[in-house]
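Participant: Build me a model from this:
(one chain, ligands or ions: 1)
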Amino acid sequence: MKVSLAGKVAIVTGAASGIGLAIVQQFLDSEIDGVVAVDIAREIPDVLLQANYGSRLKYVSGDVTLDETSNRFTQMALESFGRIDVLVNNAGINVVKRIHEHTSDEWDRVMNTNVKALFYSAKYVIPVMMQQKSGVILNTGSISGEVGLLTQGAYGPSKGAVHELTRQMAIEYAPYGIRVNAIGCGTIDTPLVTKSAIESGNIEGFMSMLRDNHPIGRIASPEEVAGFFTYLASDLVSFFTGSILMMDGGFTAR
Ligand code: NAI
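Facilitator: Have a look, this model is predicted:
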């Protein structure tokens with residue numbers, strides 16, 4: 001089944017790498033009218049430049065932990081495309097440590113990037129969606145937000161907060177036609193996981209532990225996740241809101 005996003009405009013954060021990059025590519029390949037890709041990376045990734053998406057793709061370089069970045073990407077979407085149908089809050093970081101080992105700065109960086117950024121994007125994007133009386137917000141959640149996992153000291157609680165923010169937003173804005181869901185990802189093969197494997201000090205041990213912990217016997221590709229985001233951004237799932245949809249190879253089913 002080919003999902004079409006024709007007529008829609010999306011903002012995707014964390015768009016220069018991994019899951020976010022795959023989402024931007026799939027959205028654009030699904031006939032979407034326009035995407036504003038947001039990332040702290042200064043330059044638009046080569047792979048997006050080379051794909052020649054033309055005026056359907058705009059890039060905003062900015063830090064999602066800052067209020068002004070949300071203001072800028074919202075304005076960019078409105079000035080370029082005139083509306084915002086889909087917001088993907090996807091930018092995220094992980095520091096692989098136990099709770100007491102984090103520095104205050106690490107704790108704040110994880111919480112600000114993974115949680116506070118959702119408050120900032122809500123501040124600017126939700127009023128636009130309320131006025132339109134429609135919108136879809138997709139938050140990238142995690143198995144770490146549902147179950148305790150070793151060395152996810154700040155990351156696990158940050159993703160738990162993302163799941164709760166999803167429920168809070170869903171009930172608050174349902175009367176305005178805005179649907180809000182989180183995708184609770186299992187392990188996805190991205191640079192974030194590679195970095196965590198290196199930080200663990202035992203790359204092969206870390207990766208095989210990840211594979212073994214997923215009943216499906218492997219980790220996922222960013223493209224598999226992006227397909228699900230594309231489906232959830234479409235009009236095919238109009239009764240879904242407030243859900244934490246676990247896309248985790250059976251991890252949390254055990
Ligand atoms: P990634 O590291 O490949 O991509 C994350 C992107 O976010 C990068 O391009 C980075 O520059 C950007 N970013 C980081 N901090 C930012 C900031 N302050 N402002 C703007 N952009 C910023 O990581 P990945 O794996 O694609 O992660 C995407 C999301 O998926 C994150 O929210 C992560 O927590 C979540 N996730 C990932 C899992 C995995 O196994 N890879 C599992 C569960 C959730």
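Participant: For the ligand, tell me whether stretch 136-152 is touching it.
Facilitator: Yes - using C-beta under 6 Å from any ligand atom, stretch 136-152 reaches the ligand at 140, 142. Where you see a C-beta, it was placed from the backbone N, CA and C, and this is true even at glycine.
Participant: Please point out which parts of that stretch sit buried.
Facilitator: Residues of stretch 136-152 classed as buried: 136-146, 149, 151-152 (neighbour count, 16 or more other C-beta atoms under 10 Å).
Participant: any chance of these in CSV, with pLDDT, distance to Ile93 and secondary structure too?
Facilitator: Below are those laid out as CSV (pLDDT from 0 to 100; distance: C-beta to C-beta, whole Å; DSSP: H, G, I helix; E, B strand; the rest coil):
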residue, pLDDT, distance to Ile93, secondary structure
Val136, 98, 24, strand
Ile137, 99, 20, strand
Leu138, 99, 19, strand
Asn139, 98, 15, strand
Thr140, 98, 12, strand
Gly141, 98, 15, strand
Ser142, 98, 12, strand
Ile143, 97, 17, helix
Ser144, 97, 13, helix
Gly145, 98, 15, helix
Glu146, 98, 19, coil
Leu149, 92, 16, coil
Thr151, 90, 14, coil
Gln152, 93, 12, strand
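Participant: measure the residue of the stretch 51-200 of the chain found nearest the ligand to Val3 for me?
Facilitator: The minimum distance from the stretch 51-200 of the chain to the ligand, using C-beta to the nearest ligand atom, falls at Gly92 (2.2 Å). For Gly92, the distance to Val3 equals 24 Å [C-beta to C-beta, to the nearest Å].
Participant: Which one's more surrounded, those two?
Facilitator: Gly92 (26 against 17; other C-beta atoms under 10 Å).
Participant: Using the three-state scheme, assign the closest residue in space to that one that isn't next to it in sequence.
Facilitator: For Gly92, ignoring the flanking residues on the chain, the nearest one in space by C-beta to C-beta, 6 or more residues apart in numbering is Asn114 at 4.9 Å. Look at Asn114: counting by DSSP: H, G, I helix; E, B strand; the rest coil, its state is helix.
Participant: for Asn114, what are its contacts?
Facilitator: Residues in contact with Asn114, defined by C-beta atoms under 8 Å, 6 or more residues apart in numbering, are 92-93, 155, 158-159, 161-162.
Participant: ok, now Tyr124?
Facilitator: Tyr124 touches 70-71, 73-74, counting by C-beta under 8 Å, 6+ apart.
Participant: Just put the residues you listed in TSV and tack on pLDDT.
Facilitator: TSV is the format used below for those (pLDDT from 0 to 100):
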residue	pLDDT
Ser70	98
Asn71	98
Phe73	99
Thr74	99
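Participant: Filter those down to the buried ones, ChimeraX style.
Facilitator: Remark: buried members of the contacts of Tyr124, expressed as a ChimeraX selection using 16+ other C-beta under 10 Å:
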select :70,73,74
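Participant: so of the contacts of Tyr124, which ones are in helices?
Facilitator: Under the assignment DSSP state H, those contribute 70-71, 73-74 to helices.
Participant: related to what we said a few turns ago, the residue of the stretch 51-200 of the chain closest to the ligand and Ser196, how far apart?
Facilitator: Applying C-beta to C-beta to Gly92 and Ser196 gives a distance of 12 Å.
Participant: circling back to that earlier point, taking the ones in helices among the contacts of Tyr124 together, which two end up most distant?
Facilitator: Asn71 and Phe73 (7.8 Å; C-beta to C-beta).
Participant: Pull the number of nearby residues for Glu43.
Facilitator: Counted by other C-beta under 10 Å, the residues lying close to Glu43 total 11.
Participant: So which bits of the stretch 51-200 of the chain are right by the ligand?
Facilitator: 63-65, 90-93, 113, 140, 142, 185, 187-188, 190-193.
Participant: before we move on, the earlier item: can you add distance to Phe228 and give the ones in helices among the contacts of Tyr124 back as TSV?
Facilitator: Below are these laid out as TSV (distance: C-beta to C-beta, whole Å):
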residue	distance to Phe228
Ser70	25
Asn71	29
Phe73	23
Thr74	25
